[in-house]
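A.B. asks: Coordinates only, no sequence provided:
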């Protein structure tokens, strides 16, 4: 876990640019910048911005497009909803940093609302993330969650990345499809899920049961911990069961985003959700 990741907090808002460059002299990428909790969500990249434009729940405040990107949106009949500002790619580079693959699109938008635990449908699968801080991993988990029709992702207000920038780009549009439930206390949230009839299953390499052999039921909450430290002790104790992912190869652990998609596949198959 990097120092940068330790400093990031989950806020359904974006950031503002700092005034000074990093020690190397380069202008830092957007994901490295401190963010204002009341600032806009920053969305960039084709799938991310196109999905936001197609989401009636997303309020777009500002849209920067290159000529090529504006032409592509028009060809695909994607409504911009606001009058875009046509700019050169270098201007977006300056906003985001040289490493951001923006494909000529950058939007500033309002954050999406965060539903409450009590609003979650008592069916299907939800994911619960225990202080997973890497925005690339959370974005990849979001993308898999959208593919498996996950009802929501529950994560902590602190020690989770912002729903903006790198996370949104990694999610490739899934940020508009899977609600994020931000909670202050994860153990309390798990107790709420337990009280509402969810089967809460923590995933841990030392779990007493193999997830693929367990009897699962809906509604199901799959709980994943951060890479390295895994589930925190209180999280493990609050789950109704703790399971492992058995694999035949020499390597027995997976990147958390890969573990998420495998667990979602197993859960979806065993619950008869694969259609």
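C.D. replies: Done, it's in. Since the structure is predicted, the reported quantities are computational estimates derived from the model, not experimental observations.

A.B. asks: out of everything not next to it in sequence, what's closest to residue 196?
C.D. replies: Spatial nearest neighbour of residue 196, chain neighbours left out: residue 122 (6.2 Å); criterion: Cβ to Cβ, 6 or more residues apart in numbering. (Glycine included, C-beta is placed from N, CA and C.)

A.B. asks: Then the one you found would be within a helix, right?
C.D. replies: No - when DSSP: H, G, I helix; E, B strand; the rest coil is applied, residue 122 is found to be coil, with no helix at that position.

A.B. asks: I'd guessed it sits against residue 197; true?
C.D. replies: Yes - assessed by Cβ atoms under 8 Å, residue 122 is found in contact with residue 197 at 5.8 Å.

A.B. asks: between those two, what contacts are shared?
C.D. replies: residue 219 (Cβ atoms under 8 Å, 6 or more residues apart in numbering).

A.B. asks: Can you report how many residues neighbour the residue nearest to residue 196?
C.D. replies: 11 (other Cβ atoms under 10 Å).

A.B. asks: Now do the phi/psi pair for it.
C.D. replies: When read as degrees, to the nearest 10, the backbone of residue 122 gives phi -90, psi 60.

A.B. asks: dump the residue contacts of it.
C.D. replies: Contacts of residue 122 by Cβ under 8 Å, 6+ apart are 196-198, 218-219.

A.B. asks: Could you find which two of those are furthest from each other?
C.D. replies: 196 and 218 (12.0 Å; Cβ to Cβ).

A.B. asks: Settle it for me: which of those two has more neighbours?
C.D. replies: Ranked by neighbour count (other Cβ under 10 Å), residue 196 and residue 218 place residue 218 first, with 16 against 13.

A.B. asks: any idea whether the more buried one is helix, strand or coil?
C.D. replies: coil.

A.B. asks: pretty sure it is in contact with residue 268, am I right?
C.D. replies: No - shown here, residue 218 and residue 268 do not form a contact pair, counting by Cβ under 8 Å, at 10.7 Å.

A.B. asks: Now do the shared contacts for these two.
C.D. replies: Jointly contacting residue 218 and residue 268 under the rule Cβ under 8 Å, 6+ apart are residue 125.

A.B. asks: where exactly do the strands run in the stretch 101-250 of the chain?
C.D. replies: For the stretch 101-250 of the chain, the strands defined by DSSP state E, counting those that start in this stretch occupy 105-109, 125-130, 153-156, 180-183, 199-203, 209-210, 220-225, 241-244.

A.B. asks: would you turn the ones you listed into JSON lines with mean neighbour count and mean pLDDT?
C.D. replies: Output for the strands of the stretch 101-250 of the chain, formatted as JSON lines (neighbours: other Cβ atoms under 10 Å; pLDDT from 0 to 100):
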{"stretch": "strand 105-109", "mean neighbour count": "25", "mean pLDDT": "97"}
{"stretch": "strand 125-130", "mean neighbour count": "26", "mean pLDDT": "98"}
{"stretch": "strand 153-156", "mean neighbour count": "23", "mean pLDDT": "97"}
{"stretch": "strand 180-183", "mean neighbour count": "20", "mean pLDDT": "96"}
{"stretch": "strand 199-203", "mean neighbour count": "23", "mean pLDDT": "98"}
{"stretch": "strand 209-210", "mean neighbour count": "13", "mean pLDDT": "95"}
{"stretch": "strand 220-225", "mean neighbour count": "24", "mean pLDDT": "98"}
{"stretch": "strand 241-244", "mean neighbour count": "19", "mean pLDDT": "96"}
